[in-house]
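Chemist: Just to be clear, the model below is a prediction. Sequence and coordinates:
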Amino acid sequence: MSRNRETLISSARKLNVKVWDKAILVCTEGPRFETPAEIEIFRKLGCDVVGMTGIPEAVLARELEICYASLCYVSNMAAGLQSKLSAVEVKRVIGNIFPVFEQVLRETVRTLPHVRKCPCKDALKDARYE
């Protein structure tokens, strides 16, 4: 587990924020809500969370040897399975969770080490041709 990820989880728990430290994320092409068929297949594949972001960022961070961890929230429970879900409802959830995210991120930044001792900085050391 990465140092950033450990620190995010620890910060959230310290602030009594309910956190899942393990989940399988499937990244879909957005911006749109998934269909009921997509939600069902993702469930059958063992996915826990569906999002439109996360995977591209993680790959790009690795290619740049940047330490990376994500802090996610669920704005709706299986949009494709709900009778109605609007952008206004999602925005309301964001408004409620943002202050919590801000607290977790402030605590995380405060407690991250100042010197990187992680493998991220050398992730591509043996992958480069000179």
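Modeler: Yep, it's here. Residues are numbered from 1 along each chain as shown.

Chemist: from here on, contacts and neighbour counts on C-alpha atoms
Modeler: Fine.

Chemist: ranges for the helices of this structure?
Modeler: For the chain, the helices defined by DSSP state H occupy 3-14, 36-44, 55-63, 87-111.

Chemist: Quick one, which of these gets closest to residue 74.
Modeler: helix 87-111 (8.5 Å; CA to CA).

Chemist: The closest one packs against which elements?
Modeler: The contact analysis (3 or more CA pairs under 8 Å, 6 or more residues apart in numbering; DSSP states H and E) places helix 87-111 against helix 3-14.

Chemist: mean confidence score for the helix it packs on?
Modeler: Helix 3-14 carries an average pLDDT of 93.

Chemist: for that helix, the distance to its chain's centre please.
Modeler: Taking CA atoms, centre = their mean, to the nearest Å, one finds the center of helix 3-14 at 13 Å from the center of the full chain.

Chemist: Give me the angle between that helix and helix 87-111.
Modeler: For helix 3-14 against helix 87-111, the angle by axes from the mean of the first three to the mean of the last three CA atoms, to 10 degrees is 110 degrees.

Chemist: Having no further points to raise, I will conclude here.
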